[in-house]
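Engineer: Just need the structure, nothing else, for what follows:
(chains A, B, C and D)
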Protein chains: 4
Amino acid sequence: MKQYFKGIGKVKYEGPKSKNPLAFKHYNADEVVGKKSMENHLRFSVVYWHTMKGGGTDPFGPTSVYDRPWDSSSDPMQVAEDTMRAAFEFIGKLGAPFWAFHDRDIAPEGDSLKESNERLDRIVKLAKGLQKDTGVKLLWGTSNCFSNARFSHGAGTNPDPHVFAWAAAQIKKAMECTVALGGANYVFWGGREGYSSLLNTDLKHEQEQMARLLHMAVAYKKKLGFKGTLLIEPKPKEPTTHQYDYDAATVLGFLQSHDLLDEFSLNIEANHATLAGHTFEHDLTVASAAGKLGSIDANRGNLLLGWDTDQFPADLYSATHAMMVILKQGGLRPGGVNFDAKVRRGSVDVEDLFHAHIGGMDAFARGLKVAQKIIDDGVVGDFVKLRYAGWRKGIGAKVMKGQATFDDMEQFIHKNGEAVPTSGREEWLENVINGYL
Amino acid sequence: MKQYFKGIGKVKYEGPKSKNPLAFKHYNADEVVGKKSMENHLRFSVVYWHTMKGGGTDPFGPTSVYDRPWDSSSDPMQVAEDTMRAAFEFIGKLGAPFWAFHDRDIAPEGDSLKESNERLDRIVKLAKGLQKDTGVKLLWGTSNCFSNARFSHGAGTNPDPHVFAWAAAQIKKAMECTVALGGANYVFWGGREGYSSLLNTDLKHEQEQMARLLHMAVAYKKKLGFKGTLLIEPKPKEPTTHQYDYDAATVLGFLQSHDLLDEFSLNIEANHATLAGHTFEHDLTVASAAGKLGSIDANRGNLLLGWDTDQFPADLYSATHAMMVILKQGGLRPGGVNFDAKVRRGSVDVEDLFHAHIGGMDAFARGLKVAQKIIDDGVVGDFVKLRYAGWRKGIGAKVMKGQATFDDMEQFIHKNGEAVPTSGREEWLENVINGYL
Amino acid sequence: MKQYFKGIGKVKYEGPKSKNPLAFKHYNADEVVGKKSMENHLRFSVVYWHTMKGGGTDPFGPTSVYDRPWDSSSDPMQVAEDTMRAAFEFIGKLGAPFWAFHDRDIAPEGDSLKESNERLDRIVKLAKGLQKDTGVKLLWGTSNCFSNARFSHGAGTNPDPHVFAWAAAQIKKAMECTVALGGANYVFWGGREGYSSLLNTDLKHEQEQMARLLHMAVAYKKKLGFKGTLLIEPKPKEPTTHQYDYDAATVLGFLQSHDLLDEFSLNIEANHATLAGHTFEHDLTVASAAGKLGSIDANRGNLLLGWDTDQFPADLYSATHAMMVILKQGGLRPGGVNFDAKVRRGSVDVEDLFHAHIGGMDAFARGLKVAQKIIDDGVVGDFVKLRYAGWRKGIGAKVMKGQATFDDMEQFIHKNGEAVPTSGREEWLENVINGYL
Amino acid sequence: MKQYFKGIGKVKYEGPKSKNPLAFKHYNADEVVGKKSMENHLRFSVVYWHTMKGGGTDPFGPTSVYDRPWDSSSDPMQVAEDTMRAAFEFIGKLGAPFWAFHDRDIAPEGDSLKESNERLDRIVKLAKGLQKDTGVKLLWGTSNCFSNARFSHGAGTNPDPHVFAWAAAQIKKAMECTVALGGANYVFWGGREGYSSLLNTDLKHEQEQMARLLHMAVAYKKKLGFKGTLLIEPKPKEPTTHQYDYDAATVLGFLQSHDLLDEFSLNIEANHATLAGHTFEHDLTVASAAGKLGSIDANRGNLLLGWDTDQFPADLYSATHAMMVILKQGGLRPGGVNFDAKVRRGSVDVEDLFHAHIGGMDAFARGLKVAQKIIDDGVVGDFVKLRYAGWRKGIGAKVMKGQATFDDMEQFIHKNGEAVPTSGREEWLENVINGYL
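Structural biologist: Residues are numbered from 1 along each chain as shown, chains lettered A, B, ... in the order given. Model (predicted):
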């Protein structure tokens, strides 16, 4: 069988002192942290779009700058098959347990929906075999309802119901493919579900359309007997001026007001959170507080740039804070840590794909170990618990039970006067976190 | 009676050609636009805090740079009375029908809640008389639960229930004062309801606290027999790192998930919307689409600066877009257009207060006239209506009725194939808007 | 001869009351404003890249969504010729006196530099004939040294001198083409002259490389006998993380420290200024204050988005402020107002190209008329002059002559004590500007 | 002698495993890194304004929330003396070798310049004694020319020469105080040297004024015989809309165009760099590349917030990158690492001042150790050197010597054709850096 990553073998764990750039220094799949193996905690997933199909393109460089050995055939379906084989070679060598895809990543769109679906069937069959051969599983599938010209004004939120129908038909097939591949989740990411200008937009109508689409998806999920989680991935902008799924709080509000909250969880991406003006850990916390943190897209944005740079998540602070939220809620299963990240345009070699994923996996492995230690030590947690202790007794408890009134509050102050100022100890807490790194 | 704005008389409407800086060129209170007078459409309100109490201070200039004639006494309560009289002289000369205040603006905080409340009673009595004398009414009252040291970690969201009780007791009194002054609304603006660092914060608990506070406020509103609207004003950040009332969508989601949606509407501020990454008209549209746009804080931020500049709303585009949303929902009553705006630090003269308000009132008067004309002409509205026409028939109507399935959608595409691309005509729409200015 | 814009005739001036979307309401080429015709003031230029070659693509939609009649041949050189003919038809119907191009826009890159250059020769010959036929002139040419894969790490600032040589060779040819077409200017726009990561970058070396490239260009300009202006266009970021030509001030500093200041002027783009954190008028003012404002790229960014949206300049405030700077320095000649702007992805029709340019030309025509009136009336100018009057006499004059010392200053204060506070009258000035719109 | 920090002793180095929050884990003053002690590398400085005078105030909380034992007297000069004694107790216990001040921090402004200067003399005398007693030295002095109302429209850039004279007179005295205290540097930080609105501003004139002020300062420095460095600290905005000293590149350009470059170096602040859209290490690199990196203000901004949060520098990545630039240029002497940082509003205890400084010192100590190791190991440095190797031979060397022409470049490409694509290895480099943390 053809090798696409020649000269690169299975990536092994060699420990923190290793200088081998193609070895893990921290990610040790079977090592137990807390009560689970790293593999079960982190459930790493490789994305098909950036890793296999990405070309290093950008708005000022529209054509691929990478010369990939799986992209050499002149027959698009041969390329599709070669790419799938290369993908499983890559994921297998890397040792990630999962992958994720859009419909149009794995099979090129045909001249009709029928042809496109047939192409998907052919490639899904191949992928199923490769999954079986390698043990790699599907974290989630999704449908690309944003790249084709027809989606220029949106998919589910398009003013034209004809385009809406296209989106629905694509999603139907993508859900079927996901089920065929034993996917653990299905993701909705509305790449163009928003507006370019309010002047030509009926915002309320478009959101109601979107709710209809999601209700249909829920019905179809039941029809299919799909047991995985339906996930929505927030993003505030780009390519549109404004996207409806702005951030975790906005999506939660939308789901609730359209009677969809019970059927969906969130897939939170770091770079999307920061584009919305939040830290990654903020949006993770918001989703988790609502019991709705289902999975994460692990990447990193540049906070000084205003677009989705989708860099690999090499920041140890961010990985640590993310893992603290995830550990506190008991993990992500059936979700995982999905590397929706791409190497830089200038990282033109296939080795760079390995460097990038190894770096991301090591960063999250360190984040996991540090977060578990922070939780086990209890220093931070105890401080926070003590800070809110007043709410578990006396007037605080009465308030939380919904039994207090403004009159009670006024009498309490008349009687007790001024409160005692207390320090929030932010600088000390930052020092404590640094002490674990 | 002492005059604080000597040499400045009642501001009159002199029409667009007037060169008199102290005359209106567009705001003509009794002029009918559509079916209402400008005064009834716009319901302008002057804010006590910036206009009467502002000192031009900023983080690098902490002491007042204005020399106000109402601020000369060494007795704080005398200053409070003088300021109130000056306020009504100003509002009367300007011809705005409303004003708005925080509790601590109008009466200085005393050494105890009791003393603070007595001071409020004394000043409210004075204000009531001045309202009667001048015909100026109260648009809304609110409580300053953010400036006092005790609120450093928040008010309703403080980890210490003692501080929560202070906030509740203050709000109780501020609601009473609002009722005493016949206020049309009461506003919640959580100046510190958020967090400085996630490391020491229990986000979920703090939001539940806030919900308890609002439920108590609803109960107390009923007890008081207050018939006005309770309003929440979103803001994403500053002075905190993150505020829970981030934007309209976030607040709507919060209200719904805590069973508060029926009792509150939103007061949308332009500068707060832009700090959250939205245009003013976006957040107005989101609030209005939910039937929850209650009132607006008319000001303007500098989109290149990351703090709340609270400039006067002199931008004709923004005023026009805002008025389009407001006219489409049938107005703001019992809300209004409240100038939560301050003159620049360098605008040291009392005349500058007049220039600023005249400019804001003229900008919104023009925005009103233009918006009404855009609606009456129907060019923009008809375009938008036509754009969504597909949803009122055939497959579109079936979707919106909730009767369609993914199978229907797939069959539709198999039968109808590709959709016809259509232009969204954004550039033409922008030209059309410019044609009205 | 084939018509590419069927059904659209020459765009005429019909005055402000016209409702014809394909007519000018304000741009009247021969109308004299101040002492020059509008045409001579504004020197409008159509860009080849966006208008003729743009496909509405973006990072989430990499293939063209426009179906252009000039893009139908399967032979790239036939497409190149058809596109050039369509361009002159468009510019002629629009009535813009200038156009601008990158080398790779007008002729597709060949398999070698030689072939690429031969293709350019063929197309330049065609363009020359079309210029002669239509009277349209070339505002400027430039070289695309950023889209080809070879420029992934920069062009003049590439770590590999081989790539540097490519850039130099391309620029040489682009300058020759510009001269052949009688171009009034030549522009350097360093689409990738910056870095992706500081970790692998020698910033100082790269800037010295860039200076060498520009010195060579100056030498070659002289060798060619080119009499036009060499322009540099600042941009802070995108596609790179950081670009060296960050803003006007940075470029001016770079030019001076590398002994290049006498040979270059600046081409200031609105959207690039705002990405650097400045208003358009700020960067225009900085360039003009240094006597180096040579030309402008008239477009508009969305200040809430962090990438180069390149929208058409429909904002009347921005156009007015820009024209105030331009009029004060006596115009832009040999530069002009170049529409480096693109229609939105959803504006799929060729009519949209006309709407967009008509809107931009009308906006700048209004800006010109308003700015001239503001200058003629003198209200704003006199206020500013008076504000600085102290510098033309006494201690102020002594300081400006360089004759004063700290001792003089101290004595002055000991003698004169406190200064008199004065208002900067910002709100009044904003009202005055609104009075002209 | 009165103790202001009771119960807190001298902060000691206890090593990385210490859990004592009031001990250093990494900063070990005498430990040699490379060829110098940590103390000599880092030259830590405590700032008087935030640490001793800060009140936790912000735009929504204008009065101090800290209850400091040195701020209890009703006599302002007694407070000034107590504060100075407390400062030296703090710095001494912390073990920082330097401090820094503004004139108005250490002595309250009097009713006249004369009185203000006399107050300064009295306090400077006290400080001199305390310096002698403790061995703590002055890193730099500066003048607060931004808080007083007179500076509302700027100091050196004020439209009124009278105010300019005030600024000059203040700076004269502040320089004298700096000399009296043996200061190693003098800093110019133009808190209001910019504009609020371009409408009322003559940008070019204001910059020329500023140049005159700096020339006078240079002359006075020579008159005083001051041997320290004059430093300018860039900042892009806040409190003004735009400040002239935007960033390192802008200041360098300004200095050069006004013939001041030889007399000044830069003091780069992290938070100011990020407000200008740059990383801290970017602005450090720009300054260092010009041979002008004189000192740093070590703090940290929140990149999601748009104002100067001045947090303590607890980020190990930022500290490491900063120290890499500093080590490469051979250190900062006579500059240092100055903590222009403040504890959060909620950090109300004096202990928090210790936590904050200890955290910052430990972060920079780790950054120093890591940076030295990265340099010693040579992995990163060798990669970069190799990346630019082409410039030291052949065509590259010819270009850098200024001997190449466009014709040479064209011939080179005709002969050599396409360049070989190479990876920039960003992801690997990020992994390498993580390997050191």
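
Engineer: Please, where are all the strands along chain A?
Structural biologist: Using DSSP state E, the strands of chain A run over residues A:12-13, A:23-24, A:32-33, A:36-37, A:44-47, A:98-102, A:137-142, A:185-188, A:194-195, A:229-232, A:242-243, A:264-269, A:293-297, A:337-339.

Engineer: for the ones you listed, which one sits closest to chain B?
Structural biologist: strand A:242-243 (6.3 Å; C-beta to the nearest C-beta). To be clear about C-beta, it is placed using only N, CA and C from the backbone, and glycine gets the same treatment.

Engineer: So what touches that closest one?
Structural biologist: A:190, A:192-195, A:235-237, B:278, B:282 (C-beta atoms under 8 Å, 6 or more residues apart in numbering or on different chains).

Engineer: Show me those that map onto helices.
Structural biologist: B:H282 (DSSP state H).

Engineer: Any of the contacts of strand A:242-243 buried? List them.
Structural biologist: Buried subset of those (neighbour count, 16 or more other C-beta atoms under 10 Å in any protein chain shown): A:190, A:192-195, A:235-237, B:278, B:282.

Engineer: Nearest to D:R425 among these?
Structural biologist: Nearest to D:R425 among those, counting by C-beta to C-beta, is A:K235 at 29.2 Å.

Engineer: got a list of what that closest one touches?
Structural biologist: A:189-190, A:243, A:245-246, A:269, A:272, A:275-276, A:308.

Engineer: Next: A:Y66.
Structural biologist: A:Y66 sits in contact with A:54-56, A:348, where contact means C-beta under 8 Å, 6+ apart.

Engineer: next one: A:R68
Structural biologist: A:4, A:52, A:86, A:350 are the contacts of A:R68 under C-beta under 8 Å, 6+ apart.

Engineer: Just among the residues you listed, which is most surrounded?
Structural biologist: A:M52 (24 neighbours; other C-beta atoms under 10 Å in any protein chain shown).

Engineer: circling back to that earlier point, dump the strands of chain A to JSON lines, plus mean pLDDT and distance to D:E118.
Structural biologist: Below are the strands of chain A laid out as JSON lines (pLDDT from 0 to 100; distance: least, C-beta to C-beta, whole Å):
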{"stretch": "strand A:12-13", "mean pLDDT": "98", "distance to D:E118": "70"}
{"stretch": "strand A:23-24", "mean pLDDT": "98", "distance to D:E118": "68"}
{"stretch": "strand A:32-33", "mean pLDDT": "98", "distance to D:E118": "66"}
{"stretch": "strand A:36-37", "mean pLDDT": "98", "distance to D:E118": "71"}
{"stretch": "strand A:44-47", "mean pLDDT": "98", "distance to D:E118": "69"}
{"stretch": "strand A:98-102", "mean pLDDT": "98", "distance to D:E118": "73"}
{"stretch": "strand A:137-142", "mean pLDDT": "98", "distance to D:E118": "73"}
{"stretch": "strand A:185-188", "mean pLDDT": "98", "distance to D:E118": "71"}
{"stretch": "strand A:194-195", "mean pLDDT": "98", "distance to D:E118": "64"}
{"stretch": "strand A:229-232", "mean pLDDT": "98", "distance to D:E118": "68"}
{"stretch": "strand A:242-243", "mean pLDDT": "98", "distance to D:E118": "60"}
{"stretch": "strand A:264-269", "mean pLDDT": "98", "distance to D:E118": "61"}
{"stretch": "strand A:293-297", "mean pLDDT": "98", "distance to D:E118": "63"}
{"stretch": "strand A:337-339", "mean pLDDT": "98", "distance to D:E118": "65"}
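
Engineer: I'd like the domain boundaries of chain A, if you could list them.
Structural biologist: A:25-377, A:389-436 (automatic domain parsing).

Engineer: Just say which of those domains is most tucked in.
Structural biologist: domain A:25-377 (a mean of 22; mean count of other C-beta atoms under 10 Å in any protein chain shown).

Engineer: mind checking the end-to-end distance for that one?
Structural biologist: Start and end residues of domain A:25-377 are separated by 24 Å (C-alpha to C-alpha, to the nearest Å).

Engineer: hmm, back to that, looking at the contacts of A:R68, point me to the pair that's furthest apart.
Structural biologist: With C-beta to C-beta as the measure, no two of these lie farther apart than A:M52 and A:V350, at 10.7 Å.
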